[in-house]
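S.K.: Here is my input; please provide its structure:
(chains A, B, C and D)
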Number of protein chains: 4
Amino acid sequence: MKVAIIGASGYTGGELFRLLHVHPRAEIVCATSRQLAGKPVTSRHPHLTGFTDLTFTNPEISSIDVDVAFLAVPHTAAMAYAPSMVEQGIKVVDLSADYRLPKDVFEKVYGVPHTAYFPAPYGLCELHREQCKNASFVANPGCFPTGATLAAAPLAERAHTIIYDSKSGVSGMGDNASEGSHYPNVGDNFIAYKWTSHRHLAEMRQEIGFLKSGAKAYFTPHLLPVNRGILTTAHILLNEPMEQREVERLYHDYYKDEPFVRYQRPSLNSVRGSNFCDLMVEVSEERVVVVSAIDNLVKGASGQAIQNMNLMCGFSETEGLWSPAILP
Amino acid sequence: MKVAIIGASGYTGGELFRLLHVHPRAEIVCATSRQLAGKPVTSRHPHLTGFTDLTFTNPEISSIDVDVAFLAVPHTAAMAYAPSMVEQGIKVVDLSADYRLPKDVFEKVYGVPHTAYFPAPYGLCELHREQCKNASFVANPGCFPTGATLAAAPLAERAHTIIYDSKSGVSGMGDNASEGSHYPNVGDNFIAYKWTSHRHLAEMRQEIGFLKSGAKAYFTPHLLPVNRGILTTAHILLNEPMEQREVERLYHDYYKDEPFVRYQRPSLNSVRGSNFCDLMVEVSEERVVVVSAIDNLVKGASGQAIQNMNLMCGFSETEGLWSPAILP
Amino acid sequence: MKVAIIGASGYTGGELFRLLHVHPRAEIVCATSRQLAGKPVTSRHPHLTGFTDLTFTNPEISSIDVDVAFLAVPHTAAMAYAPSMVEQGIKVVDLSADYRLPKDVFEKVYGVPHTAYFPAPYGLCELHREQCKNASFVANPGCFPTGATLAAAPLAERAHTIIYDSKSGVSGMGDNASEGSHYPNVGDNFIAYKWTSHRHLAEMRQEIGFLKSGAKAYFTPHLLPVNRGILTTAHILLNEPMEQREVERLYHDYYKDEPFVRYQRPSLNSVRGSNFCDLMVEVSEERVVVVSAIDNLVKGASGQAIQNMNLMCGFSETEGLWSPAILP
Amino acid sequence: MKVAIIGASGYTGGELFRLLHVHPRAEIVCATSRQLAGKPVTSRHPHLTGFTDLTFTNPEISSIDVDVAFLAVPHTAAMAYAPSMVEQGIKVVDLSADYRLPKDVFEKVYGVPHTAYFPAPYGLCELHREQCKNASFVANPGCFPTGATLAAAPLAERAHTIIYDSKSGVSGMGDNASEGSHYPNVGDNFIAYKWTSHRHLAEMRQEIGFLKSGAKAYFTPHLLPVNRGILTTAHILLNEPMEQREVERLYHDYYKDEPFVRYQRPSLNSVRGSNFCDLMVEVSEERVVVVSAIDNLVKGASGQAIQNMNLMCGFSETEGLWSPAILP
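M.R.: Residues are numbered from 1 along each chain as shown, chains lettered A, B, ... in the order given. Alright, predicted model coming up:
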C-alpha cells in the first residue's frame, strides 16, 4: 500500500518514517516539504540514513498517487488538501487541528475561517473506534487531549470537575527554533505556559461532552526539560465518593480490551518511542488522581495516526505499532 | 555572632555555608556530621574550598558555644537537640519537620511519637512574621508548603477547593543516592510520586486553616529532571467568580511590602540560588491558576532559615539574602 | 530458536528483550536474576509490559534448555557459566569482560585470577567477522572500545598517537544507584573519570595491536548528563600528513560494505536505540579528528551481541537489528 | 565608581549585573541595547527584578559619563567604541574578540578588516597580571582559551603536543535562539562542532607561544546539554617523562598565589556561578591529562572582566568576586 506524508520535514514526519518502516503493509512513496523540496529526506532526518532514498517533493497534490496520506501540516494547511484528496479516494489521516472540532468551535478557538469544512471522526481510537473503521478521513487528536482524555474518560460521568495539569517535552513545540525552545530557557528549568488558554482545551471538553458528562474541565500545560513525552495529572473531583478498588475496577473494565492502554505506574520513559498510554489511579477523599503518560510524537501524533490508518484500512489495529518503549 | 550547623553534610548545610558567607553578622564556627566527623567540610562541599577551614565535628551539643544553631537534620533527630539548646539560650532554627505541626498531627503524619514537644512559630515569614521576631525557636517550613502556601494565601478565604500540583527538582530528595535519584530514572523522564499521601500536605492544610478558610486543599508532587527549584501550580476554585484585575490587586496588596515575593512570571531559573518566591495569577471562569516558583534549597530551606534567623535576632530581614538569582 | 538471558535484570537485559522482540528467529524462553527470581520480568522492566510473560529464574545452568545464551553478568561471573554452556552445545555471547583479553592481560587489568580461560573471538564484527561466523562462543566488546576502535581502525597503521576522548551517558554505569549516578551529581554537570586508568583501554590497545600498528593509544572517559550514547573524539596524530579527501576515501573504502557503520555527522540522537555507529573525519595539519557515535546499550552492548548471534547462527547479520534510531 | 555595560541584553550583560551588585565600589548607571532601548533591564533579565531600575538605552557613546565600561558586544562591534572611550579616559574591558589578537591574526581568523586597531593587554590575569594593572584597556579572553590555557600553562615549555578537548554549556552560544540551541537538538544529546576550525584556537596558540613554547596546540569543542560551564580535558604529550608528584608540584607552585585557581577535582557544578578555575593533573606514561573547569559566563567572561577591572582600577583583585559556587 502506497503512502504519502504531506509535510514530512518535522518531528511527526520523521516518526511516520520510523514507525512505518516496520509496518508490513505500508510503503512511503512520497514525502513533501515546500522548504526542502529537492533535498534527500535524510538531510533532515539523519537517523533515517539507510532506510529511505526519497527526496522531499513539492506538495503537488494532483499528482500524488497513493492509497493513504498523512497530513502532518500546521492548522489551516490541512484544509487545503483534504477535500480533493478524499475525492480522489485517498484515505487521509489529518494530524492537524483542522477537523477535530465542529466548524464554529474551530473558527472561534483558532481565530480563522474554516474554508473546507466537513464532519470527520475524531480519531481517539479507544473512544471512537467504530467511527474510524473504514472511514476515508480521520482527524487525529491533539497530543494533550489524547493523554488527558484517556486519563479521565472512565470517570467522566461521575465527576463534576476535572483539572488536567499536563507536562510536555519540548518536541511538542515542533522543530522550529524559537526563544521558547532555546536550550538555556528550558534546560534545568520549568515553566507553565498558556495557563488557561491552550487551544487543546476545546478538544478535551468536546470529548468529555461526547460522554454526556456535565463535568467542567480545565487545563494547564507546562514545559518539561525533556525531549519527548506528556505526563498528565488529572485531578478529578467526584460527585460521590468512591473506593480505590471501585475506581480501579472501573478503569480495568473500561480498558480491558485496549491493546495500547496499560494500567501501570506511568512515567515518560516507560512509553518513550511507543504507542502506549500508561495510566493509574489513586483515590483520596473526594478526589481521584489519575496520571497518564504517552509519547507525544507516537500515541500523541504519528503512532495514533497509524493506529487510525490501520482501522481505516481494515488492518489489525496494532500492525506496525507493537513495539516496546525504549528505556532508559 | 557565632553560628552552628547541626547536620552540615547535606545540601541545606552546604547552602547555609554559601549564603552565610555573605551575611555581615554571622560566622559559622561549628558544622556537625556524625558520618564525616574529622573530615574537612570542603571534602563534602568542594565548592566551598577557600571559604571555610572547618572540619566536621560530632554533634556533642553540650559543648556547642554559639548564638544561633540551624538544625539541618532528618525528622525525629531535631527533637533530640531542640530543648537543651533552647535552654542554653541558643536561638534555634529547625529545618526538620519536628516542630511544624501540633504534636498529635505530627505523630499521626510521621507515624512516630514526639518525645520533646513544645509549640513553636511556623516560620513562613510572610504569614507569621510577628511570631518569629525575637523568637528563640522557629520551625522552618517544608519546601513544598512554602511555595504552595504563598501561591494560595491571598485567595484562601475565597476558595472552596485548592489543588496544589507541584514539581520539584531532585535536590529535594537529599544528597543520598537512591533508586529514585538514579540519573537514568530521572533524566529525560518525569513522574508523579506520593500522589495523594505526601506529608507536606498537613502543613499546607494547617496554613490555610490558620487563615480561617474552609477551603479543601489537595497536593500531588512530581519529580523534575532539574537540580533545584519547585514550581507549584495552584488550581484554585472560587466560591464566587472574580475578575482578573481584582485578583491581581488582591495579590499586589497582600505582598506589597514583602521583599522576597515578586509578582512576575515564574520560572525556576528566575529564582535559582535566590530567596525569592515569584508568582503570578491567571483567572479563567471560576478557576484561578496561581503559579509560584522558589529555589527549594533557598526560600524552601536554608534561605528562609536565615530569613528567620534575621527576624529572631532583630536584624534586617534581607540581611545576607539580598542577591539576585543565577540565570541561566 | 530458544534464547536465554543470564543476568536479565539490568539495562542490557532489558535491551535484549526489546531488540529480540522483533527478531524473526529468536524467542526468549529464560531470563535469570538471582535477586529478582520469582518476580515477573515486567516488574523490573515496565516498558516490556505486554511483550513478555516470563518470570525471572535462578540461573541454574544445567536446566537451561536453549540454543543461544547471552551472558549479561558482571565480569568474573561469566567464567562460571561459559565452559559448561559451551560444552552443552549452547551458542554463547558473553557481554562481560571475561573473554575479551588474553588470560594474563585480563588478570592484570581486572586484578583477579581467570579460573576458566579459553581463547574466544573478539566480537567487533566489523574487524573480526570471519572469526565470529559459526563460532560457539564470542566475547562481545566493551562499549567504549567499540566506538573508539571503529573511529580509529582505518588510520591505525598510519598513526603514531591516538587519543580517545570519550563521553558516555549514565546508563553505562549500570542500573544500580550510586553516588556517581545520583542525579544532582550528574544533571547540569560534567566530569572526567578514571582519567588514565579505565580498564577498557586494554581492549582498545589490543585492537589497534591486532592491526599491526605501532600507534600509542590513550583514553579518557567522561560522564554526560544523558541517558544513552557514547561519543568518542579520536585525536589521531599521523606519521605523515594526509589530505581530507584521502582520509575520507580511506574511511569510505574501509566501511563500504558495513551495514551498521554510516559515514555521516555523528550525534547521540542519530543513533539512539539503534545498532549504528555514525562517524566522520576532519583533517587539520598533522592531526585527524574522527568522531564516532554509538548507543552504548545497543551497538555498545546488546545490539552488537545480537549481531554476533546472527553471525554465529548463520543468519543475516542485520536480522532483527535493522531499525532506525529514535530522534529526538 | 560609575559603570556602563555596552550591550547589556545578553547573558554576559546579565552576569555583570549579578556580579557587580555585590561589588562595593562599582555602580551600574548605564546599560545599552539597540534592540531593547527604552525597555526596563528586568524585562530581559527577570532575575534582576528588585536589583536595578535601569532602562536599556541606545549606545550613544559621547554621552556616556562613566569611569568604566564593559563592551559586551559581538566582534567587530567593539572596535567602533573602543578608541573614543579610551580617549575620554574611560577604563574599558572588552569582552569581544576584537583586541585579543595581533591585527593581522585577527583579520585572518575573523575574516574582516580591523578598522581601529591598537595593541592591548590580554586579560588572562594569572598570566598577564602586571600588564593589566592600571591599564586603560584590556582585552578579556575568550571562554575556551581561559580554561584551556590555565590547564596547560605550567607544562607549556615541557610539552611537544597539546590537545584541548573542550565541552561547553549552551549559554556559550549566546541568548539568540538558533537551530543549534533548539532544545531537542541539545537535550539528551551531545555533539562536536567546529572540530578543527574554532576561532578560539588562535588565542590558545598565542598564549602558549607567549610562553616561549614550541608546543603544537589543537582544539576541538563540544556542546553539552547543560546551561553553564566549560570542562577542558588537556591531553599533553611531554618532551620527557615526568612523575605524578613532579607535575603536581609544578602546578601547585605555578598557581600558589592565585586566588581563583584551585587545585582540586574539577566538575562544572563546583564552579557554577563563581570565578574559579578548578583543575587537577594525572600523569600516565608520556601523557599528562589536565582537566580544568570554569563557569563560561563568569571566569570565562563577566567575572574575569571584573577581575580585570579590579586590576585596572587598583582594587583588590577579588573584590566583588569572592563568592562560592552554587552546588548543586
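
S.K.: which ones are touching whatever residue of the stretch 1-150 of chain A ends up closest to chain B?
M.R.: Proximity to chain B, evaluated over the stretch 1-150 of chain A using C-beta to the nearest C-beta, is greatest for residue A:147 at 12.2 Å. From N, CA and C alone the C-beta is placed, and that goes for glycine too. With contacts defined as C-beta atoms under 8 Å, 6 or more residues apart in numbering or on different chains, the neighbours of residue A:147 are A:166, A:230, A:231, A:232, A:277, A:292, A:293, A:294, A:299, A:300.

S.K.: Quick check: which element contains it?
M.R.: Using DSSP states H and E, residue A:147 falls within helix A:143-152.

S.K.: now residue A:16
M.R.: Assessed by DSSP H and E, residue A:16 sits inside helix A:11-20.

S.K.: pull the CA atoms of whichever strand or helix holds residue A:251 into PDB?
M.R.: Counting by DSSP H and E, the element that carries residue A:251 is helix A:244-255. Extracted as PDB, the C-alpha positions of helix A:244-255 are listed here (Å, rounded to 0.1, in the frame of the first residue of the first chain):
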ATOM      1  CA  GLN A 244      -9.900   2.900  45.500                       C
ATOM      2  CA  ARG A 245     -10.900  -0.700  44.400                       C
ATOM      3  CA  GLU A 246     -14.100   0.500  42.800                       C
ATOM      4  CA  VAL A 247     -12.200   3.100  40.700                       C
ATOM      5  CA  GLU A 248      -9.500   0.600  39.800                       C
ATOM      6  CA  ARG A 249     -12.200  -1.900  38.700                       C
ATOM      7  CA  LEU A 250     -13.800   0.800  36.600                       C
ATOM      8  CA  TYR A 251     -10.500   1.500  34.800                       C
ATOM      9  CA  HIS A 252      -9.700  -2.100  34.300                       C
ATOM     10  CA  ASP A 253     -13.100  -2.700  32.800                       C
ATOM     11  CA  TYR A 254     -13.000   0.300  30.600                       C
ATOM     12  CA  TYR A 255      -9.700  -0.500  29.100                       C
END
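
S.K.: That one and chain C in contact?
M.R.: No. Legend: contact between helix A:244-255 and chain C by C-beta under 8 Å from any C-beta of the partner chain is lacking; minimum distance shown is 12.5 Å.

S.K.: State the distance from residue A:227 to residue D:171.
M.R.: As for residue A:227, its distance to residue D:171 is 20 Å (criterion: C-beta to C-beta, to the nearest Å).

S.K.: what's the neighbour count on residue A:214?
M.R.: Using other C-beta atoms under 10 Å in any protein chain shown, the number of residues around residue A:214 comes to 11.

S.K.: Now for the residue in the stretch 201-328 of chain A positioned nearest to chain D: which residues touch it?
M.R.: Shortest the stretch 201-328 of chain A-to-chain D distance, computed as C-beta to the nearest C-beta: residue-wise this is residue A:227, at 5.2 Å. Residue A:227 makes contacts with A:169, A:170, A:171, B:188, C:269, C:328, D:183, D:184, D:187, D:188, as judged by C-beta under 8 Å, 6+ apart.

S.K.: Could you grab the helix/strand/coil label for the last one?
M.R.: Secondary structure state of residue D:188, per DSSP: H, G, I helix; E, B strand; the rest coil, is coil.

S.K.: show me the contacts for it.
M.R.: So residue D:188 contacts A:226, A:227, B:187, B:188, C:226, C:227, C:228, C:268, C:269, C:272, C:328, D:225 (C-beta under 8 Å, 6+ apart).

S.K.: can you do 10 Å?
M.R.: By C-beta atoms under 10 Å, 6 or more residues apart in numbering or on different chains, the contact set of residue D:188 is A:169, A:225-228, B:187-188, B:225, C:169, C:224-229, C:268-269, C:272, C:328, D:225.

S.K.: burial of the closest residue to residue A:322 other than its chain neighbours, as a residue count?
M.R.: Excluding its sequence neighbours, the residue lying closest to residue A:322 (C-beta to C-beta, 6 or more residues apart in numbering or on different chains) is residue A:259, at 7.7 Å. For residue A:259, the tally of surrounding residues (other C-beta under 10 Å) stands at 17.

S.K.: And for the one 4 residues further on?
M.R.: By the other C-beta under 10 Å criterion, the neighbourhood of residue A:263 contains 17 residues.

S.K.: that older thread, dump the contacts of residue A:227 into a markdown table; add pLDDT and distance to residue C:32 as well.
M.R.: Converted to a markdown table, the contacts of residue A:227 look like this (pLDDT from 0 to 100; distance: C-beta to C-beta, whole Å):
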| residue | pLDDT | distance to residue C:32 |
| --- | --- | --- |
| A:169 | 98 | 35 |
| A:170 | 98 | 39 |
| A:171 | 98 | 37 |
| B:188 | 97 | 29 |
| C:269 | 97 | 33 |
| C:328 | 96 | 35 |
| D:183 | 98 | 40 |
| D:184 | 98 | 38 |
| D:187 | 98 | 36 |
| D:188 | 97 | 31 |
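
S.K.: excluding its backbone neighbours, what's nearest residue A:314?
M.R.: residue A:134 (6.5 Å).

S.K.: my read: that neighbour touches residue A:309, true?
M.R.: No. Taking contact to mean C-beta atoms under 10 Å, the distance of 11.6 Å between residue A:134 and residue A:309 leaves them out of contact.

S.K.: Common neighbours of those two, please.
M.R.: Counting by C-beta under 10 Å, 6+ apart, the residues touching both residue A:134 and residue A:309 are residue A:91.

S.K.: between these two, which one's more packed in?
M.R.: A count of neighbours by other C-beta under 10 Å puts residue A:309 above the other of residue A:134 and residue A:309, at 31 against 11.
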